[in-house]
Each structure stands twice: as C-alpha cells, then as structure tokens.
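A.B. asks: Kindly generate the corresponding structure for this input.
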Amino acid sequence: MKQEKYLPRRVSVAPMMDWTDRHCRMFHRQITRHTWLYTEMVTTGALLHGDVPRHLNFNDEEHPVALQLGGSEPADLARSARLGEQWGYDEINLNCGCPSERVQKGAFGACLMNEAPLVADCVKAMRDAVQIDVTVKHRIGIDDVTSYDFVRDFVGTVADAGCNTFIVHARNAILQGLSPKENREIPPLRYEFAYQLKKDFPALEILINGGVKTVEEIDAHLQHVDGVMLGREAYHNPYLMASFDARYYGDAASPKSRAEILQAMIPYIREQLAQYGKSEKGGGLKLNSITRHMLGLMAGLPNARGFRQTLSDSKKLALGDPDLLLQALQRMQPLAA
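C.D. replies: Numbers count the residues shown, from 1 in each chain. Got it, this is the predicted structure:
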C-alpha cells in the first residue's frame, strides 16, 4: 500500500524512546516539511489497556508521521494499528529492533527476528486491519549471528506477508550483556547488508539506519538504498535537516532560519501550556517538556553553550514563559539580529 499523499521516505527521523514525542516532532517539522517523522515506540498493551489519547494524540502539522508499535500478538497489533489509522497516522511501523530487557520480557522487539513466521503473521494481521502502509524496522542479526543469510531470510519471509518497506538498522542486536545505549554503538555497522538486501529484493523499499551524521553520508547511502533514517544526529544537531527539503525533495522554498524556528515554536508552546499546563493531580505539562528537545538547535555555533544554558535554567523554566526562547536567542547575537 504505497502512500500517494506524501513524498517518499527519502529521509526520516528514527523513533527514539523519551525523545521523539509529539513536541519533538512539532519542533522538527519547523525545520523540514517533508522528512518522515516517527513516534516513540508504543506498546500494544499501552494502547489496549491504557490512555489512548495520551499515546496517540499529535498535531496535524506533523504529517507525514508514522506510529511505531511494539508487540508480538497479531490480534493485538491489528487492533492497535487500527487505532493508529483512526487517529490519523500515515504509517504503522513494527519494532523488530529494540534490544532492551523490558522489551525482551514482552517477547517483542529485536528478539522477534528469531521468529520471522510470527512477524509475517503480525504484518498480515495489521495489513488486513488498515489501509495505510505497514512497515518493519529491524536489525541485521542477533547476538553472534553475523551471516547475511539470516537477515535475507527474515526479510524474504516478512515480505511474503505483504510488507513492502523495511528499515534496516545495520547493526546486530546483542540481547544479553549490552545496554540499549551500547547496542547503538558497539556492534559494528554493516551497511553492505542493507545494500545487498536492495539488490536481492529490488521491488522492496529499503531504508538504512545507524550511525548516519552528514548529508554526504546520506548521499552515499542513497546510491544503494531508497531512503536514510537518522537517529541521534537529528536530535542533537537538528538544523542539519534544514537542507533536506531542497536536497532530497526538490522543494525550492527557503528553510526557516534558526531564529524563525524559535519564533514559530512560541505560539505552539503557549497553546500547549494553556491546554495541558494544569491537571487535577497538580501535574501537567511543563515548559521543559518542550524546550528540552530544542537544545541542539544552535549546535556548532559560537555561544551555543549559552543558548543551552538559558533553555536549561530551572528557575526560568519554572516561570513557564515561552519567551524564554527569545532570551536564549539573545545569547546568540549577532545571529538574532
């Protein structure tokens, strides 16, 4: 089921736990109009037994946006995918790559790569339940399984169930002995596995993920695969994405400057604080819940440290005034001029 409404997934921002929430995605959307954005992983249990609006609510400006699901029961995934479609997401992505112990205890994430027929059943159940694309994000192997044949057979089995798009995190997942952070850094990158998948399955859409930091690296990967997914670099150095619309989507419109991005976020923050800033339990949305995603906007520029310090000032954050963004911008003079 190819999407007709939006441009292809040439570049995208990875689903990252505790990072790519709707405030982060709204911020990223100020930088790039066409790059595909992904939610944090949401488990089927959280949707079927928890607060659905809290997990699925997002802003219309975020499109194109994909919902990543974690689970291994075909019926539960089908129900969750249907919810995602009803809430307006443009794609449902199944997590077959997360190596955390919590995910392993739930028998999903990276350990699903050992159960390709089950993943195929999950994909078929979701495809039968929704009209939007169902995609899979996975690793190239598990533990000491380093043969290309393993990931080739996994992709072939799942593709037979109707999955047309695979996002390949080009590292093994080490299920015992490494933390999730170490799993993003220690297992070696084998981009050639993703390249070979595209050769072996030319009709499939193959996206590559893992360790990408520059547009030059993106350009090099796009000689071999259909798309590139950025993770931590997109979060820590988000203005890298300012060139993406023109470079990868042919959009001639000028990107927003860093100052314009900050100014565009102020009315959004005001609206969010007004709507969610207070709750009956005394909690509610705090300014830092949004500004924490913006700390990398000035990465690489003089006085970037001062910008981060202002946005991280607990006393100023406690005031809940979105104009704190303008105060941070003043630390970047003459950029703000």
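
A.B. asks: Quote the end-to-end distance of stretch 110-124.
C.D. replies: When the termini of stretch 110-124 are compared using CA to CA, to the nearest Å, they are 19 Å apart.

A.B. asks: list the buried ones in it?
C.D. replies: Applying a neighbour-count criterion of 16 or more other CB atoms under 10 Å, one finds 110-113, 115-116, 118-124 buried in stretch 110-124. C-beta here means a position set from N, CA and C on the backbone, and glycine is covered the same way.

A.B. asks: what does stretch 196-208 give?
C.D. replies: Neighbour-count burial for stretch 196-208 [16+ other CB under 10 Å]: 196-198, 201, 204-208.

A.B. asks: Contacts for that stretch next, please.
C.D. replies: 8-9, 12, 148, 151-152, 155-156, 159, 164-168, 170, 191, 194, 221, 224-229 (CB atoms under 8 Å, 6 or more residues apart in numbering).

A.B. asks: List buried residues within these.
C.D. replies: Buried among these (16+ other CB under 10 Å): 8-9, 12, 151-152, 155, 159, 164-168, 170, 191, 194, 221, 224-229.

A.B. asks: any chance of the buried residues of stretch 196-208 in a markdown table, with distance to residue 64 too?
C.D. replies: Shown next, in a markdown table, are those (distance: CB to CB, whole Å):
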| residue | distance to residue 64 |
| --- | --- |
| 196 | 28 |
| 197 | 23 |
| 198 | 22 |
| 201 | 23 |
| 204 | 19 |
| 205 | 14 |
| 206 | 18 |
| 207 | 14 |
| 208 | 19 |
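
A.B. asks: Distance to residue 89 for the buried residues of stretch 110-124 - can I get that in JSON lines?
C.D. replies: Shown next, in JSON lines, are these (distance: CB to CB, whole Å):
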{"residue": "110", "distance to residue 89": "23"}
{"residue": "111", "distance to residue 89": "25"}
{"residue": "112", "distance to residue 89": "21"}
{"residue": "113", "distance to residue 89": "24"}
{"residue": "115", "distance to residue 89": "25"}
{"residue": "116", "distance to residue 89": "25"}
{"residue": "118", "distance to residue 89": "23"}
{"residue": "119", "distance to residue 89": "20"}
{"residue": "120", "distance to residue 89": "22"}
{"residue": "121", "distance to residue 89": "22"}
{"residue": "122", "distance to residue 89": "17"}
{"residue": "123", "distance to residue 89": "16"}
{"residue": "124", "distance to residue 89": "19"}
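
A.B. asks: In a markdown table, list those along with secondary structure, distance to residue 325 and pLDDT.
C.D. replies: Formatted as a markdown table, those follow (DSSP: H, G, I helix; E, B strand; the rest coil; distance: CB to CB, whole Å; pLDDT from 0 to 100):
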| residue | secondary structure | distance to residue 325 | pLDDT |
| --- | --- | --- | --- |
| 110 | helix | 38 | 86 |
| 111 | helix | 42 | 90 |
| 112 | helix | 41 | 94 |
| 113 | helix | 42 | 93 |
| 115 | coil | 47 | 94 |
| 116 | helix | 47 | 97 |
| 118 | helix | 46 | 96 |
| 119 | helix | 43 | 97 |
| 120 | helix | 47 | 98 |
| 121 | helix | 47 | 98 |
| 122 | helix | 42 | 98 |
| 123 | helix | 42 | 98 |
| 124 | helix | 46 | 98 |
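
A.B. asks: Among those residues, which one lies nearest to residue 294?
C.D. replies: residue 110 (30.7 Å; CB to CB).
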